[in-house]
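>>> With the input below, show me the fold.
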Amino acid sequence: MCKRLYLCSDMVTITDIATALGITPSTVSRALAGNPRVKEDTRRAVEEKAREMGYEPNVVASNLRKGQSRIVGIVVPRIHREFFSNVIGGAENVLNQAGYNVLICQTLESAEAEVKALRTLKNYRVAGVLLSHAINSLSGNHVREILGTTPLVQFDRVFPDLPGAKIVGANCEGAFQATMHLISERYRRIGTIAGYMSSQAYVERLAGYRLALESAGIPYDPSIVYENAIVRETGYEAGLKAIEAGCDALYSAGAFSALGAIDALKEKGIRVPEDFGVVGTSNEGFTSLMTPSLSTLGQHPFEMGEAAARAFLAGSSGTEVIPMELIVRQSSKRSNNG
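I've put the predicted structure just below:
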(Lines give C-alpha, C1' and ligand atoms only; values in the text may rest on other atoms or scores of the structure.)
Protein backbone atom coordinates (compact mmCIF):
# COMPACT_ATOMS: atom_id res chain seq x y z
CA MET A 1 0.00 0.00 0.00
CA CYS A 2 1.13 3.57 -0.55
CA LYS A 3 1.36 6.61 1.63
CA ARG A 4 -0.33 8.92 -0.89
CA LEU A 5 -1.02 12.62 -1.14
CA TYR A 6 -4.77 12.34 -0.51
CA LEU A 7 -7.15 14.99 -1.85
CA CYS A 8 -10.09 15.74 0.47
CA SER A 9 -13.56 16.18 -1.00
CA ASP A 10 -13.98 19.54 0.77
CA MET A 11 -10.65 20.96 -0.43
CA VAL A 12 -10.86 24.55 -1.67
CA THR A 13 -10.35 24.80 -5.43
CA ILE A 14 -9.39 27.56 -7.84
CA THR A 15 -13.01 27.60 -8.99
CA ASP A 16 -14.17 28.29 -5.41
CA ILE A 17 -11.85 31.30 -5.19
CA ALA A 18 -13.01 32.55 -8.60
CA THR A 19 -16.66 32.28 -7.56
CA ALA A 20 -16.02 34.16 -4.33
CA LEU A 21 -14.30 37.02 -6.20
CA GLY A 22 -16.55 37.04 -9.26
CA ILE A 23 -13.70 36.41 -11.69
CA THR A 24 -12.75 33.51 -13.96
CA PRO A 25 -10.83 30.43 -12.75
CA SER A 26 -8.16 31.08 -15.38
CA THR A 27 -7.54 34.55 -13.88
CA VAL A 28 -7.16 32.99 -10.41
CA SER A 29 -4.77 30.39 -11.79
CA ARG A 30 -2.63 33.02 -13.49
CA ALA A 31 -2.63 35.22 -10.38
CA LEU A 32 -1.47 32.40 -8.12
CA ALA A 33 1.26 31.53 -10.64
CA GLY A 34 2.53 35.14 -10.61
CA ASN A 35 1.66 35.77 -14.27
CA PRO A 36 2.52 39.41 -15.15
CA ARG A 37 -0.65 39.64 -17.28
CA VAL A 38 -2.70 39.85 -14.07
CA LYS A 39 -3.13 43.31 -12.52
CA GLU A 40 -1.41 43.84 -9.19
CA ASP A 41 -4.62 44.60 -7.28
CA THR A 42 -6.27 41.47 -8.71
CA ARG A 43 -3.28 39.33 -7.77
CA ARG A 44 -3.32 40.64 -4.18
CA ALA A 45 -7.07 40.05 -3.92
CA VAL A 46 -6.68 36.48 -5.17
CA GLU A 47 -3.81 35.73 -2.79
CA GLU A 48 -5.72 37.21 0.16
CA LYS A 49 -8.87 35.23 -0.66
CA ALA A 50 -6.82 32.04 -1.14
CA ARG A 51 -5.30 32.44 2.34
CA GLU A 52 -8.68 33.30 3.84
CA MET A 53 -10.32 30.18 2.33
CA GLY A 54 -7.39 27.89 3.23
CA TYR A 55 -6.50 27.07 -0.39
CA GLU A 56 -3.76 24.45 -0.89
CA PRO A 57 -2.38 23.89 -4.41
CA ASN A 58 -2.96 20.41 -5.85
CA VAL A 59 0.65 19.46 -6.45
CA VAL A 60 -0.21 16.04 -7.86
CA ALA A 61 -2.57 17.46 -10.48
CA SER A 62 0.07 20.03 -11.42
CA ASN A 63 2.64 17.26 -11.86
CA LEU A 64 0.29 15.32 -14.12
CA ARG A 65 -0.30 18.39 -16.30
CA LYS A 66 3.41 19.13 -16.58
CA GLY A 67 4.48 15.50 -16.97
CA GLN A 68 7.09 15.98 -14.26
CA SER A 69 7.38 16.25 -10.49
CA ARG A 70 9.63 16.89 -7.53
CA ILE A 71 8.49 13.66 -5.89
CA VAL A 72 10.61 10.54 -5.48
CA GLY A 73 8.93 7.20 -4.77
CA ILE A 74 10.39 4.87 -2.15
CA VAL A 75 9.24 1.25 -2.16
CA VAL A 76 10.09 -0.96 0.82
CA PRO A 77 8.94 -4.42 1.95
CA ARG A 78 7.89 -3.36 5.46
CA ILE A 79 7.75 0.21 6.73
CA HIS A 80 7.61 -0.86 10.40
CA ARG A 81 11.00 -2.58 10.21
CA GLU A 82 13.52 -0.23 11.77
CA PHE A 83 16.00 -0.99 9.00
CA PHE A 84 13.66 0.22 6.26
CA SER A 85 12.30 3.17 8.25
CA ASN A 86 15.87 4.36 8.76
CA VAL A 87 16.63 3.95 5.05
CA ILE A 88 13.59 6.13 4.34
CA GLY A 89 14.80 8.68 6.89
CA GLY A 90 18.25 8.87 5.31
CA ALA A 91 16.85 9.21 1.80
CA GLU A 92 14.33 11.84 2.85
CA ASN A 93 17.04 13.83 4.61
CA VAL A 94 18.99 14.19 1.37
CA LEU A 95 16.03 14.56 -0.97
CA ASN A 96 14.26 17.24 1.07
CA GLN A 97 17.41 19.36 1.08
CA ALA A 98 17.44 19.04 -2.72
CA GLY A 99 13.84 20.21 -2.99
CA TYR A 100 12.14 16.82 -3.38
CA ASN A 101 9.34 15.18 -1.40
CA VAL A 102 8.88 11.44 -1.04
CA LEU A 103 5.95 9.13 -1.66
CA ILE A 104 6.32 5.91 0.34
CA CYS A 105 4.91 2.52 -0.60
CA GLN A 106 5.20 -0.81 1.17
CA THR A 107 4.72 -4.22 -0.42
CA LEU A 108 4.48 -6.47 2.65
CA GLU A 109 6.75 -8.86 0.71
CA SER A 110 4.16 -9.30 -2.08
CA ALA A 111 5.28 -9.25 -5.72
CA GLU A 112 1.75 -8.21 -6.75
CA ALA A 113 1.82 -5.29 -4.32
CA GLU A 114 5.21 -4.27 -5.71
CA VAL A 115 3.75 -4.14 -9.22
CA LYS A 116 0.83 -2.00 -7.99
CA ALA A 117 3.17 0.33 -6.10
CA LEU A 118 5.39 0.86 -9.14
CA ARG A 119 2.38 1.54 -11.36
CA THR A 120 1.05 4.05 -8.84
CA LEU A 121 4.37 5.86 -8.76
CA LYS A 122 4.59 5.85 -12.54
CA ASN A 123 1.08 7.34 -12.74
CA TYR A 124 2.14 10.06 -10.30
CA ARG A 125 4.96 10.99 -12.71
CA VAL A 126 7.56 10.63 -9.97
CA ALA A 127 11.03 11.94 -10.72
CA GLY A 128 12.58 8.63 -9.67
CA VAL A 129 12.13 5.46 -7.64
CA LEU A 130 14.20 4.03 -4.79
CA LEU A 131 13.34 0.34 -4.51
CA SER A 132 14.04 -2.61 -2.23
CA HIS A 133 12.35 -5.67 -3.66
CA ALA A 134 9.66 -7.79 -2.03
CA ILE A 135 10.94 -11.24 -1.16
CA ASN A 136 8.40 -12.79 -3.55
CA SER A 137 9.69 -10.82 -6.53
CA LEU A 138 11.73 -13.36 -8.44
CA SER A 139 13.01 -11.12 -11.24
CA GLY A 140 13.14 -7.48 -12.23
CA ASN A 141 11.23 -7.84 -15.48
CA HIS A 142 8.15 -6.06 -14.13
CA VAL A 143 10.26 -3.14 -12.93
CA ARG A 144 11.76 -2.57 -16.37
CA GLU A 145 8.35 -2.90 -18.02
CA ILE A 146 6.53 -0.50 -15.68
CA LEU A 147 9.12 2.20 -15.04
CA GLY A 148 10.59 2.47 -18.52
CA THR A 149 12.95 5.45 -18.46
CA THR A 150 12.04 6.59 -14.92
CA PRO A 151 15.32 6.75 -12.95
CA LEU A 152 15.75 3.77 -10.61
CA VAL A 153 17.99 3.19 -7.60
CA GLN A 154 17.84 -0.20 -5.89
CA PHE A 155 18.96 -0.71 -2.31
CA ASP A 156 19.54 -3.68 0.01
CA ARG A 157 17.64 -6.22 -2.14
CA VAL A 158 18.61 -5.72 -5.75
CA PHE A 159 18.47 -7.41 -9.14
CA PRO A 160 21.90 -6.99 -10.78
CA ASP A 161 20.49 -6.95 -14.32
CA LEU A 162 18.32 -3.85 -13.79
CA PRO A 163 19.69 -0.44 -14.83
CA GLY A 164 20.57 2.31 -12.39
CA ALA A 165 22.55 2.54 -9.18
CA LYS A 166 22.59 -0.19 -6.54
CA ILE A 167 23.27 0.47 -2.85
CA VAL A 168 23.96 -2.77 -0.99
CA GLY A 169 25.35 -3.98 2.30
CA ALA A 170 28.62 -5.87 2.64
CA ASN A 171 26.60 -9.06 3.03
CA CYS A 172 29.26 -11.70 2.41
CA GLU A 173 31.87 -9.93 4.53
CA GLY A 174 29.39 -9.32 7.34
CA ALA A 175 28.18 -12.92 7.47
CA PHE A 176 31.79 -14.11 7.39
CA GLN A 177 32.62 -11.88 10.35
CA ALA A 178 29.55 -13.01 12.32
CA THR A 179 30.27 -16.70 11.76
CA MET A 180 33.96 -16.31 12.58
CA HIS A 181 32.92 -14.65 15.83
CA LEU A 182 30.84 -17.71 16.74
CA ILE A 183 33.79 -19.94 15.91
CA SER A 184 36.07 -17.81 18.10
CA GLU A 185 33.61 -18.34 20.97
CA ARG A 186 34.19 -22.12 20.65
CA TYR A 187 30.93 -23.04 18.97
CA ARG A 188 31.44 -25.78 16.41
CA ARG A 189 28.17 -27.05 14.95
CA ILE A 190 26.97 -23.75 13.58
CA GLY A 191 23.82 -23.65 11.50
CA THR A 192 22.33 -20.70 9.68
CA ILE A 193 18.86 -19.25 9.18
CA ALA A 194 19.60 -18.27 5.62
CA GLY A 195 16.60 -16.32 4.35
CA TYR A 196 15.36 -16.61 0.76
CA MET A 197 17.70 -17.65 -2.02
CA SER A 198 15.64 -15.61 -4.48
CA SER A 199 17.30 -12.54 -2.94
CA GLN A 200 20.91 -11.69 -3.79
CA ALA A 201 21.46 -10.28 -0.29
CA TYR A 202 20.64 -13.62 1.35
CA VAL A 203 22.67 -15.55 -1.20
CA GLU A 204 25.68 -13.41 -0.30
CA ARG A 205 25.13 -13.90 3.45
CA LEU A 206 25.00 -17.66 2.98
CA ALA A 207 28.24 -17.45 0.99
CA GLY A 208 29.92 -15.54 3.81
CA TYR A 209 28.74 -18.08 6.38
CA ARG A 210 30.05 -20.95 4.28
CA LEU A 211 33.39 -19.25 3.65
CA ALA A 212 33.92 -18.77 7.40
CA LEU A 213 33.30 -22.45 8.10
CA GLU A 214 35.68 -23.49 5.36
CA SER A 215 38.33 -21.05 6.60
CA ALA A 216 38.12 -22.67 10.05
CA GLY A 217 38.21 -26.21 8.70
CA ILE A 218 34.59 -26.90 9.66
CA PRO A 219 32.67 -28.94 7.06
CA TYR A 220 29.71 -27.20 5.43
CA ASP A 221 26.53 -29.13 6.19
CA PRO A 222 23.51 -28.15 4.02
CA SER A 223 21.18 -30.01 6.39
CA ILE A 224 21.60 -27.23 8.98
CA VAL A 225 20.96 -24.42 6.49
CA TYR A 226 17.40 -23.24 7.12
CA GLU A 227 16.04 -21.28 4.17
CA ASN A 228 12.87 -19.24 3.68
CA ALA A 229 12.85 -17.86 7.21
CA ILE A 230 12.91 -14.09 7.83
CA VAL A 231 10.15 -13.54 10.41
CA ARG A 232 9.88 -14.51 14.08
CA GLU A 233 7.57 -17.47 13.48
CA THR A 234 9.76 -19.16 10.87
CA GLY A 235 12.85 -18.36 12.93
CA TYR A 236 11.25 -20.24 15.82
CA GLU A 237 10.68 -23.26 13.57
CA ALA A 238 14.27 -23.12 12.36
CA GLY A 239 15.48 -22.91 15.95
CA LEU A 240 13.63 -26.13 16.84
CA LYS A 241 15.15 -27.87 13.84
CA ALA A 242 18.62 -26.66 14.78
CA ILE A 243 18.19 -28.06 18.29
CA GLU A 244 17.12 -31.42 16.89
CA ALA A 245 20.11 -31.40 14.55
CA GLY A 246 22.54 -30.97 17.42
CA CYS A 247 23.61 -27.42 16.57
CA ASP A 248 25.25 -25.31 19.24
CA ALA A 249 24.99 -21.99 17.39
CA LEU A 250 23.10 -20.16 14.65
CA TYR A 251 24.00 -17.28 12.41
CA SER A 252 20.74 -15.73 11.26
CA ALA A 253 20.53 -13.60 8.11
CA GLY A 254 17.80 -11.53 9.79
CA ALA A 255 16.95 -10.07 13.20
CA PHE A 256 13.37 -11.24 13.62
CA SER A 257 14.25 -14.83 12.67
CA ALA A 258 17.05 -14.74 15.26
CA LEU A 259 14.51 -13.60 17.85
CA GLY A 260 12.31 -16.55 16.94
CA ALA A 261 15.23 -18.95 17.30
CA ILE A 262 15.95 -17.65 20.81
CA ASP A 263 12.26 -18.16 21.64
CA ALA A 264 12.70 -21.84 20.71
CA LEU A 265 15.89 -22.17 22.75
CA LYS A 266 14.25 -20.67 25.83
CA GLU A 267 11.25 -22.95 25.44
CA LYS A 268 13.55 -25.99 25.43
CA GLY A 269 15.51 -24.76 28.45
CA ILE A 270 18.74 -24.26 26.50
CA ARG A 271 20.99 -21.58 27.92
CA VAL A 272 22.10 -18.74 25.65
CA PRO A 273 25.03 -18.18 25.27
CA GLU A 274 26.45 -20.85 27.60
CA ASP A 275 25.11 -23.77 25.58
CA PHE A 276 24.02 -22.13 22.35
CA GLY A 277 25.13 -18.96 20.57
CA VAL A 278 23.09 -16.75 18.24
CA VAL A 279 24.09 -13.86 15.99
CA GLY A 280 21.54 -12.02 13.85
CA THR A 281 21.62 -9.43 11.10
CA SER A 282 20.15 -5.92 11.13
CA ASN A 283 20.46 -4.01 14.37
CA GLU A 284 16.73 -3.55 15.00
CA GLY A 285 15.89 -1.63 18.17
CA PHE A 286 14.65 -4.65 20.08
CA THR A 287 17.96 -6.52 19.70
CA SER A 288 19.60 -4.55 22.53
CA LEU A 289 16.53 -4.78 24.79
CA MET A 290 15.76 -8.50 24.68
CA THR A 291 17.14 -11.04 27.17
CA PRO A 292 19.73 -12.11 26.32
CA SER A 293 20.59 -9.11 24.18
CA LEU A 294 21.21 -10.16 20.60
CA SER A 295 24.59 -9.99 18.91
CA THR A 296 23.99 -8.68 15.42
CA LEU A 297 25.38 -7.10 12.27
CA GLY A 298 24.65 -3.38 12.06
CA GLN A 299 23.85 -2.39 8.47
CA HIS A 300 23.93 1.44 8.74
CA PRO A 301 20.52 1.90 7.06
CA PHE A 302 20.39 5.69 7.44
CA GLU A 303 23.63 5.95 5.50
CA MET A 304 22.26 3.49 2.94
CA GLY A 305 19.23 5.74 2.42
CA GLU A 306 21.42 8.80 2.06
CA ALA A 307 23.59 6.98 -0.48
CA ALA A 308 20.53 5.90 -2.48
CA ALA A 309 19.23 9.48 -2.58
CA ARG A 310 22.61 10.86 -3.62
CA ALA A 311 22.84 8.25 -6.37
CA PHE A 312 19.45 9.37 -7.69
CA LEU A 313 20.44 13.04 -7.63
CA ALA A 314 23.73 12.29 -9.38
CA GLY A 315 22.13 9.99 -11.94
CA SER A 316 24.81 7.41 -11.21
CA SER A 317 24.67 3.75 -12.26
CA GLY A 318 27.36 2.06 -10.21
CA THR A 319 27.22 -0.13 -7.11
CA GLU A 320 28.04 1.25 -3.67
CA VAL A 321 28.71 -1.13 -0.79
CA ILE A 322 27.84 -0.02 2.75
CA PRO A 323 29.99 -1.78 5.39
CA MET A 324 28.44 -3.90 8.12
CA GLU A 325 29.50 -3.76 11.76
CA LEU A 326 29.51 -6.72 14.15
CA ILE A 327 27.92 -5.72 17.46
CA VAL A 328 28.70 -8.34 20.09
CA ARG A 329 26.17 -8.69 22.90
CA GLN A 330 25.11 -11.40 25.35
CA SER A 331 23.69 -13.98 22.92
CA SER A 332 27.08 -15.05 21.60
CA LYS A 333 29.68 -13.93 24.12
CA ARG A 334 30.44 -17.27 25.75
CA SER A 335 34.05 -16.37 26.58
CA ASN A 336 32.88 -14.38 29.62
CA ASN A 337 30.67 -17.20 30.86
CA GLY A 338 33.17 -19.84 31.88
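>>> F286 against L259, yeah?
Yes: judged on CB atoms under 8 Å, F286 makes contact with L259 at a distance of 7.1 Å. From N, CA and C alone the C-beta is placed, and that goes for glycine too.
>>> what about the two, which has more around it?
Legend: neighbour count by other CB atoms under 10 Å for F286 and L259, higher for L259 (22 against 13).
>>> Okay, the more buried one and A134: tell me how far apart.
In this structure, L259 and A134 are separated by 21 Å, where distance is defined by CB to CB, to the nearest Å.
>>> One more: S282?
Spatial separation of S282 from A134 under the definition CB to CB is 17 Å.
>>> now swap in A98 and tell me
Computed as CB to CB, the A98 to A134 distance reads 27 Å.
>>> Neighbour count for those two, which is higher?
When neighbours are counted by other CB under 10 Å, A134 comes out ahead of the other of A98 and A134, with 25 against 12.
>>> quick one: contacts for the more buried one?
77, 107-111, 113-114 (CB atoms under 8 Å, 6 or more residues apart in numbering).
>>> and those residues as CSV, adding neighbour count?
Listed next are those as CSV, based on neighbours: other CB atoms under 10 Å:
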residue, neighbour count
P77, 23
T107, 26
L108, 14
E109, 17
S110, 16
A111, 16
A113, 20
E114, 25
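>>> Can you give the distance of the host helix or strand of A307 from its chain's centre?
A307 is part of helix 301-314, with elements assigned from DSSP states H and E. What separates the centre of helix 301-314 from the centre of its chain is 12 Å, taken as CA atoms, centre = their mean, to the nearest Å.
>>> Could you list the residues in contact with it?
72, 82-84, 86-95, 98, 128, 130, 151, 153, 155-156, 164-165, 167, 169, 320, 322.
>>> can you pull out the strands in the stretch 201-338 of the chain?
Listed from the start of the chain, the stretch 201-338 of the chain has strands (DSSP state E, counting those that start in this stretch) covering 225-227, 249-252, 277-281, 295-298, 319-322, 325-327.
>>> and of those, who's closest to L32?
For the strands of the stretch 201-338 of the chain, distance to L32 was read as CB to CB. The smallest value, 41.5 Å, belongs to strand 319-322.
>>> Outside of the closest one itself, list whatever touches it.
So strand 319-322 is in contact with 165-170, 299-300, 303-304, 307, 311, going by CB under 8 Å, 6+ apart.
>>> how about low-confidence regions in the stretch 1-150 of the chain?
For the stretch 1-150 of the chain, the stretches with pLDDT under 70 are 1-11, 57-68.
>>> at 90 what do you get?
Per-residue confidence for the stretch 1-150 of the chain (pLDDT under 90) gives these ranges: 1-16, 18, 24-41, 43-44, 46-47, 49-69, 123-124.
>>> Can you list the residue ranges for helices in it?
For the stretch 1-150 of the chain, the helices defined by DSSP state H, counting those that start in this stretch cover 14-21, 25-32, 40-53, 59-66, 82-97, 111-123, 141-147.
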